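[1] can you look at this prediction? I've put the sequence above it.
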Amino acid sequence: MPIGTRLPCHRRELESDGIDTSCVLRAEGSPSPFTYIIVDRDGEATMPVASERGTRTCIHTPGAPLDPEEMRQSLAGGPSILDSVLADAALVYFDGRLTEAALLLARRARQVGVPVLVEAERLRPNLEELLTLADYVVTSAHFPQGSIAAADVVTVFPPAFCLPPLAVFIVPL
């Protein structure tokens, strides 16, 4: 996701933590995306098990959209951002946002043998296609049942939907 106008501040903070920012894209004149996560540990029971309590609310402020073609850009005449990101990657992780760019990266990761992990909290555009590229899928206890109203993972997806044979599902109970 492109970082907006606060890039120098964010970049210095990330680099001070030892994070390589050479592939970070800047969206000139746009705000950086951010998410506030509000947790109420004493809230109403929200889990299937009545003894588990608490709520979580996410307030997401998107930044500039990421054009997947930006990831094909070369870094100083070298490899593309796409290939540079995957060069030393042990795994790529997707949260279901920016799925057009995620699909491009996930396809390339599969080609070069980098495992793909997809977190599926709820249905989002193109998430079903992204899940077909996953080696690992982590879901909330309410997904996909709460999203698609089916009884179990085996029957929840449409007939045309098919996970690769090596996919591992992790679903909290």
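    Sure, I can see it.
[2] measure Gly63 to Cys23 for me?
    Using CB to CB, to the nearest Å, one gets 16 Å for the distance from Gly63 to Cys23. To be clear about C-beta, it is placed using only N, CA and C from the backbone, and glycine gets the same treatment.
[3] quick one, helices of the protein?
    In the chain, the helices defined using DSSP state H lie at 7-16, 81-86, 99-111, 127-131, 145-148, 153-156.
[4] redo those helices as a markdown table? Include mean pLDDT and distance to Thr55.
    Below are the helices of the chain laid out as a markdown table (pLDDT from 0 to 100; distance: least, CB to CB, whole Å):
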| stretch | mean pLDDT | distance to Thr55 |
| --- | --- | --- |
| helix 7-16 | 78 | 29 |
| helix 81-86 | 89 | 35 |
| helix 99-111 | 92 | 26 |
| helix 127-131 | 88 | 23 |
| helix 145-148 | 50 | 15 |
| helix 153-156 | 48 | 24 |
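[5] Asp67: which of these is closest?
    Nearest to Asp67, of all the helices of the chain, is helix 99-111, at 7.7 Å by CB to CB.
[6] pull the CA atoms of the closest one into PDB?
    Taking Å, rounded to 0.1, in the frame of the first residue of the first chain, the C-alpha atoms of helix 99-111 are listed here in PDB:
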ATOM      1  CA  THR A  99      -6.900  -7.700  -3.600                       C
ATOM      2  CA  GLU A 100      -6.000  -6.600  -7.200                       C
ATOM      3  CA  ALA A 101      -2.400  -5.900  -6.100                       C
ATOM      4  CA  ALA A 102      -2.500  -8.900  -3.800                       C
ATOM      5  CA  LEU A 103      -3.500 -11.200  -6.700                       C
ATOM      6  CA  LEU A 104      -0.500 -10.000  -8.700                       C
ATOM      7  CA  LEU A 105       1.900 -10.600  -5.900                       C
ATOM      8  CA  ALA A 106       0.400 -13.900  -4.800                       C
ATOM      9  CA  ARG A 107       0.600 -15.300  -8.400                       C
ATOM     10  CA  ARG A 108       4.300 -14.300  -8.600                       C
ATOM     11  CA  ALA A 109       5.000 -15.700  -5.200                       C
ATOM     12  CA  ARG A 110       3.500 -19.100  -6.300                       C
ATOM     13  CA  GLN A 111       5.700 -19.000  -9.400                       C
END
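[7] list the buried residues of it.
    Going by neighbour count (16 or more other CB atoms under 10 Å), the buried part of helix 99-111 is Thr99, Ala101, Ala102, Leu103, Leu104, Leu105, Ala106, Arg108, Ala109, Arg110.
[8] same list (these) but as JSON lines, adding distance to Val116.
    Formatted as JSON lines, the buried residues of helix 99-111 follow (distance: CB to CB, whole Å):
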{"residue": "Thr99", "distance to Val116": "13"}
{"residue": "Ala101", "distance to Val116": "14"}
{"residue": "Ala102", "distance to Val116": "9"}
{"residue": "Leu103", "distance to Val116": "11"}
{"residue": "Leu104", "distance to Val116": "12"}
{"residue": "Leu105", "distance to Val116": "9"}
{"residue": "Ala106", "distance to Val116": "5"}
{"residue": "Arg108", "distance to Val116": "10"}
{"residue": "Ala109", "distance to Val116": "5"}
{"residue": "Arg110", "distance to Val116": "6"}
